[in-house]
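# only geometry, no sequence info:
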């Protein structure tokens, strides 16, 4: 792990997204069912999964520091006719940033959407997953996090 002990503790935030693209007939069926599948509420389950994953990022990514998340928000909404946009924003006060937590939350939420929708089709496409912005640390990047 990188030694961050000399870094100042500061407010850190990051925002990431991941997309889930469905075949047209699957998107239509999901819209008609209010994003509910045979396993239950897709959005609600994906938000819970993404939240749990973000909190455990340090257990999933070997060199990530364990961070006390002070805030985490996952939103999922349609982006066009066939695509869901999942956005995860994370906040902490620490010596290192929360980019990996935001990315992990967004991608695990997307994986959960896939898992809950795969009975309808295996032609569902995940991604891209990307960091939209971060604040705190050496430099700020991208969108306001």
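Structure's in. What do you need? All values reported here derive from a predicted model rather than from experimental measurement. Residues are numbered from 1 along each chain as shown.

# check which helix or strand residue 127 maps to.
Assigned by DSSP states H and E, residue 127 belongs to strand 125-135.

# quick one: that strand to chain centroid distance?
8 Å (CA atoms, centre = their mean, to the nearest Å).

# also stretch 59-70?
For stretch 59-70 - counting by CA atoms, centre = their mean - the centre lies 15 Å from the chain centre.

# which stretches of the chain form helices?
24-32, 42-55, 57-60, 99-117 (DSSP state H).

# want to throw the ones you listed into TSV with mean pLDDT?
Output for the helices of the chain, formatted as TSV (pLDDT from 0 to 100):
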stretch	mean pLDDT
helix 24-32	97
helix 42-55	98
helix 57-60	97
helix 99-117	98
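
# quick one: which of the ones you listed is nearest residue 80?
Nearest to residue 80 among the helices of the chain is helix 24-32; the distance by CB to CB comes to 9.0 Å. In this view, the C-beta of every residue, glycine as well, is placed from N, C-alpha and C.

# how about the closest one: buried residues?
If you call a residue buried by 16 or more other CB atoms under 10 Å, then helix 24-32 has these buried ones: 26-27, 30.
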